[in-house]
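Enquirer: Okay, sequence plus prediction incoming.
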Amino acid sequence: MRVAGIMSGTSIDGIDVAVVDIRGKTGGVRIRPIAFHSVPYPKAVREAILAVSNAMTHTATISRLNFLLGELYAGAVLETCRVRNIPLNSISLLGMHGQTIFHEGAPVEYLGHRVASTLQIGEAAVVAERTGLWTISNFRERDMAAGGKGAPLVPYVDYLLFRNRRCGRVALNIGGIANITVIPAAAQPHDLIAFDTGPGNMVIDALVAHMTRGRQRFDRNGRIARKGKVHTRLLDSMLRDPYFAFDPPKTAGREQFGREFSNGLIATGLPIEDLIATASELTARSIAQALLATVEKEDCIREVIASGGGVHNLQVMRRLRELLPDLSVKTSEEYGIHPDAKEAIAFAVLAYEFIQGHPGDLPSATGARHPVLLGKSSPVC
C-alpha cells in the first residue's frame, strides 16, 4: 500500500510530506521510502502559529487557523505529488500529525479534576476533501486517555526501521525538541526505552530569530554558535532545570523550553552569539547525558542514528560526537532514510497500523496502561 505522511513539528518551519510503500509481513511491516518534499510555512502563518502556541489567544483565531492549516496540508500533498512525479491516485491513505499548539502530558489540577491534554490543529476533513485521500489524524489523544503522555509516538517506527539482531542502536531525532529511542540488540517492542531529552532546535531558533529580527529562522550549519562563547555558569544553571531530572517516560515542548525560556536567556544581557553557542551546547549536552544514562544499562549499544533538522547543525553534531566517543554517531541518510523525512514517515506508518487495527503506541515509551489504536478517521466516499 502506498501511504503519505504529513508532519509539521515544534520548530514550526514548514510542512514535511513523505510518501512510502508499506508491505505487511510477519512480525511487522516493511517500509520503502518513495519521495520526500518540504513546503515552508509563509511567514505570517508561522507567526500566527507561534502566537497561539501555549499562549493567551482567541477561539476564533484557533478555529480559523485550524481550517487554514488543513488547506495548506492538502496543498503540500498535492505539490509533493506534482514535483516528485507521483500520481495522486497511487496513494491509498494519508497520516497527518497536525500542528501542536499545546501539549501537557502530565495531569494538572483543573476545575477540581486532574487533567492531561493535547491539541493539534489542521483540519483533517479539509485534507480528505481536497486530496480525496482517506486521512487519519489525532494520534496522541487515545494514548493519553489510556494514561500515557501522548508522546513520543515515533519509537514504534524507529523499531521497524532500525532494529538489528546483533547491534544495539539509539534513534535520535533533533527537531524543536530532541528525543531518543533506545533499541537493544534483538529487541522486541516492549524492550524499547524512549523519551524526550529536552530542547533540540527550539531555543537556538528563537535566539537566532531574535538576533536577526526574524530574517533567519535557524543557525545554518551552526555558524553563529561557532563564533560565540559558551557561558559555563549559565549552561550549568540550564542543566539544573527540573525536566532533566525527571525519570522517563517524559515529554517536553514549548511549555518547558519555549518563549519564556528563551526570553529568560535574552534577559541575561549576554551577547546573543554567546547565548546561541550556550543554547547549542545545552542541546548537545542534554542529549548526551540522557543517552549515556540510559544506554549504560543496556549491552551492545553501538550506534546513534540521528535525524531531524538538527542534523544540519554541524556544531551540535560535532559536539555530540565529542561527547559520545564510544558510540558511532551517524545520520539516518546512511540507512536510506532522509533525515528530515523520518517523522513524516512515522505518521504514514501509524496511519497504516490504524487501518489494520494494530496498536501504534509503546506503553514503555508513553507510560500508557496498555497498547491502544491511535488515530481518528476521516474517510472519503
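Expert: Structure's in. What do you need? Note that this is a predicted model, so its numbers are computed, not measured.

Enquirer: Mean confidence (pLDDT) on the strand or helix carrying Tyr243, please.
Expert: For Tyr243, the enclosing helix or strand under DSSP states H and E is helix 242-245. The average pLDDT for helix 242-245 rounds to 94.

Enquirer: Mind giving me the packing neighbours of the host helix or strand of Ile345?
Expert: Secondary structure assignment for Ile345, by DSSP H and E: helix 342-356. Helix 342-356 sits against strand 2-7, strand 14-25, strand 28-40, strand 93-96, strand 134-137, helix 155-162, with contacts defined as 3 or more Cβ pairs under 8 Å, 6 or more residues apart in numbering; DSSP states H and E. To be clear about C-beta, it is placed using only N, CA and C from the backbone, and glycine gets the same treatment.

Enquirer: Does Ala186 belong to a helix, a strand or coil?
Expert: coil (DSSP: H, G, I helix; E, B strand; the rest coil).

Enquirer: Show me the contact partners of the helix-or-strand element of the chain with minimal mean pLDDT.
Expert: Using mean pLDDT, DSSP states H and E, the weakest-scoring helix or strand in the chain turns out to be helix 254-257, at a mean of 86. Contact with helix 254-257 is made by 10, 53-54, 102-104, 176-177, 198-199, 202-203, 241, 243, as judged by Cβ atoms under 8 Å, 6 or more residues apart in numbering.

Enquirer: let's see 6 Å
Expert: The contact list for helix 254-257 (Cβ atoms under 6 Å, 6 or more residues apart in numbering) reads 53-54, 199, 202-203, 243.

Enquirer: all strands of the stretch 51-200 of the chain, in order?
Expert: According to DSSP state E, counting those that start in this stretch, the stretch 51-200 of the chain carries its strands in the segments 93-96, 99-110, 113-121, 134-137, 168-174, 177-183, 193-199.

Enquirer: just the ones you listed: most buried one?
Expert: strand 93-96 (a mean of 29; mean count of other Cβ atoms under 10 Å).

Enquirer: What are the contacting residues of that one?
Expert: 3-6, 124, 133-137, 347-348, 350-351.

Enquirer: go on, stretch 339-353?
Expert: 3, 5, 7, 16, 18, 20, 22, 36, 93, 95, 97, 136, 139, 154, 157, 307, 311, 331-333, 360, 374.

Enquirer: All the strands of the stretch 201-350 of the chain, in order from the start?
Expert: 301-307, 328-331.

Enquirer: Neighbouring strands of the first one in the sheet, and parallel or not?
Expert: Strand partners for strand 301-307, identified by DSSP bridges, are recorded as strand 168-174 (parallel), strand 328-331 (parallel).

Enquirer: got the domain boundaries for this protein?
Expert: Residue ranges of the domains in the chain are recorded as 2-154+340-378, 162-335, according to automatic domain parsing.

Enquirer: what separates the last one from the chain centre, distance-wise?
Expert: Think domain 162-335. Mean-position distance between domain 162-335 and its chain equals 12 Å (Cα atoms, centre = their mean, to the nearest Å).

Enquirer: Quote the end-to-end distance of that domain.
Expert: 8 Å (Cα to Cα, to the nearest Å).

Enquirer: Just the buried residues of the helix holding Tyr243, please?
Expert: 243-244 (16 or more other Cβ atoms under 10 Å).

Enquirer: who touches it?
Expert: Applying Cβ under 6 Å, 6+ apart, the set of residues contacting helix 242-245 is 252, 256.

Enquirer: Dump that helix to PDB, restricted to CA.
Expert: Provided in PDB are the C-alpha atoms of helix 242-245 (Å, rounded to 0.1, in the frame of the first residue of the first chain):
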ATOM      1  CA  PRO A 242      13.800  20.100  36.800                       C
ATOM      2  CA  TYR A 243      12.900  18.500  33.500                       C
ATOM      3  CA  PHE A 244      16.300  16.900  33.100                       C
ATOM      4  CA  ALA A 245      16.000  15.200  36.500                       C
END
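
Enquirer: before we move on, back to that, nearest approach to Asp326 belongs to which of the strands of the stretch 51-200 of the chain?
Expert: Nearest to Asp326, of all these, is strand 168-174, at 12.2 Å by Cβ to Cβ.
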